[in-house]
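[1] quick one: sequence and predicted model below, then my questions.
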Amino acid sequence: RREAERRKNQAKLVALVGFTLFFIALVAGFFAFSAYQAAEKARQEAVASREMAQNEQRKAEEAYSQLQHETRQREEAQFKEILERGKTLMAKSDYTMAANEFQLALAIRPDDPEASTLFQQAQQKAGIKSRYERLITEGEALAANGNRSLLAAREKYRQALRLHYND
């Protein structure tokens, strides 16, 4: 009987330890499953955040590209407008102002051959115009002195004609 009682108590103890271990394993499994679910939810949120960040980056790149395109178009329009103003000033023989306009155009497009050529032409013609006007003014001043300065005045006018400023 004692032996049976001892075995019975031992069996109860083993059953109690077994149930305790089972309960601990069940609780640990529950926590592990909860942690897995939280990790999976965090992973899904991270994936969604990454996709959203990629979409935002793509939108930003598209907006930047659009801005660059619009800026190039504005610069192109501005360049053409400045070039046309310079050509108009050249036609009006305002070479100094035309040179300034062509210089502005070159600030926008430093390597533009047309603007560069027009700038050089305007500078050259501005110099010729300045020299021409100076020679004419000197000739007029000499002619105003009377007969004794007419030969000198004529020479100034000849020098001005040789410049072929306005033919």
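    The structure has been received and is ready for your questions. Residues are numbered from 1 along each chain as shown.

[2] need the pLDDT of residue 147.
    Looking at residue 147, its pLDDT is 83.

[3] again, but for residue 59
    Predicted confidence (pLDDT) for residue 59: 97.

[4] what segments of this protein are helices?
    Counting by DSSP state H, the chain has helices at residues 2-91, 95-108, 113-144, 150-162.

[5] okay if I get those as CSV plus mean neighbour count?
    From N, CA and C alone the C-beta is placed, and that goes for glycine too. As requested, the helices of the chain are arranged in CSV below (neighbours: other CB atoms under 10 Å):
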stretch, mean neighbour count
helix 2-91, 11
helix 95-108, 19
helix 113-144, 16
helix 150-162, 15
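
[6] what does stretch 73-80 rub up against?
    Residues from elsewhere that reach stretch 73-80 (CB atoms under 8 Å, 6 or more residues apart in numbering): 105, 108-109, 112, 115.

[7] at 10 Å what do you get?
    Residues from elsewhere that reach stretch 73-80, judged by CB atoms under 10 Å, 6 or more residues apart in numbering: 104-109, 112, 115.

[8] could you identify the most distant pair in these?
    Largest separation among these by CB to CB: 104 and 112, giving 11.7 Å.

[9] what do those two both touch?
    79, 83, 119.

[10] dump these to JSON lines, plus pLDDT and distance to residue 162.
    Below are these laid out as JSON lines (pLDDT from 0 to 100; distance: CB to CB, whole Å):
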{"residue": "79", "pLDDT": "95", "distance to residue 162": "37"}
{"residue": "83", "pLDDT": "96", "distance to residue 162": "31"}
{"residue": "119", "pLDDT": "95", "distance to residue 162": "25"}
